[in-house]
Every structure is written in structure tokens, then in C-alpha cells.
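> I would like to see how this sequence folds:
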Amino acid sequence: MMIQRLAGIAMLAVLSGTALVANAESGDPQQGKVKFQGCMGCHANPYASNAYPNFKFPKLAGQYPEYIVAALKAYKSGERKHKTMVFQAGSLSDQDMLDIAAYIATLNGQ
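Just a heads-up that it's a prediction; the model follows:
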């Protein structure tokens, strides 16, 4: 019984990952460009950093769409605990996340 339950959980994890990959590819980069405008001050400026505690913001250009969507969902759910990002992601729909991820993937990661 326990082995069947574990196998079922493993299958759900695989299917969820597959669905995330398929969904990440359905974002609209043009819409994402508009929706990413509020993010650019931190994530598109190589000189931007936080005052306290002092750290540089992650550069997102060229990041995999699946990672961006997963990170935004984790912020929205509170699984990831950065106050600004929890607030920012809290208002995003799943489609917003897909669009932003699709746009970020088009940027040069250098």
C-alpha cells in the first residue's frame, strides 16, 4: 500500500513538472514585456542593489521560463519569503507569470 502511494506521488510530481514546462511555453513575450516593466528597476539594472541587507538583485535575463514561473508561484504562495517579491507576485495571475517568463527568456543572458 505504501509503495503504491509513493508511486502515485512520484507520478504526480512528474506530471506536474511536464505541465509546468508545457505551460511555460504558452506565455506571450509581448505581453510579458509590458508586465515586466515594474520589475526592471531591480532585475534589469546591473548596478541596483538593496541598501540593507546589502545584496545585488538577481539578473533574470535569459533565465529558463520554467524556473521563473516556479519562483513566482513560490513567492505568491509564501513558500519563498522575500517580502517585496511576495507582494509583487501576489497580484500576478498564472497567465501573467507565463507571459513574464516568456519575455525574460527572450533577453540576452550575458
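
> Pull up the gap between F55 and Y103, please.
From F55 across to Y103, the span is 24 Å (CB to CB, to the nearest Å). Using the backbone N, CA and C atoms, a C-beta is placed for each residue, glycine as well.

> Distance check, P29 against L60.
In terms of CB to CB, P29 sits 13 Å off from L60.

> More neighbours: the two, which one.
Neighbours per residue (other CB atoms under 10 Å) separate P29 from L60, with L60 holding more: 22 against 17.

> pretty sure the more buried one contacts I68?
Yes: counting by CB atoms under 8 Å, L60 touches I68, with 6.8 Å between them.

> between these two, what contacts are shared?
I104 (CB atoms under 8 Å, 6 or more residues apart in numbering).

> so where does the nearest residue to H43 once chain neighbours are set aside fall, helix or strand?
Ranked by CB to CB, 6 or more residues apart in numbering and with sequence neighbours excluded, the top spatial neighbour of H43 is L60, at 4.7 Å. Assigned by DSSP states H and E, L60 belongs to no helix or strand.

> which phi and psi does L60 have?
phi -100, psi -10 (degrees, to the nearest 10).

> List the contacts of it.
Per CB under 8 Å, 6+ apart, neighbours of L60: 39, 43-44, 68, 104, 107.

> mind running it again at 7 Å?
L60 makes contact with 43, 68, 104, according to CB atoms under 7 Å, 6 or more residues apart in numbering.
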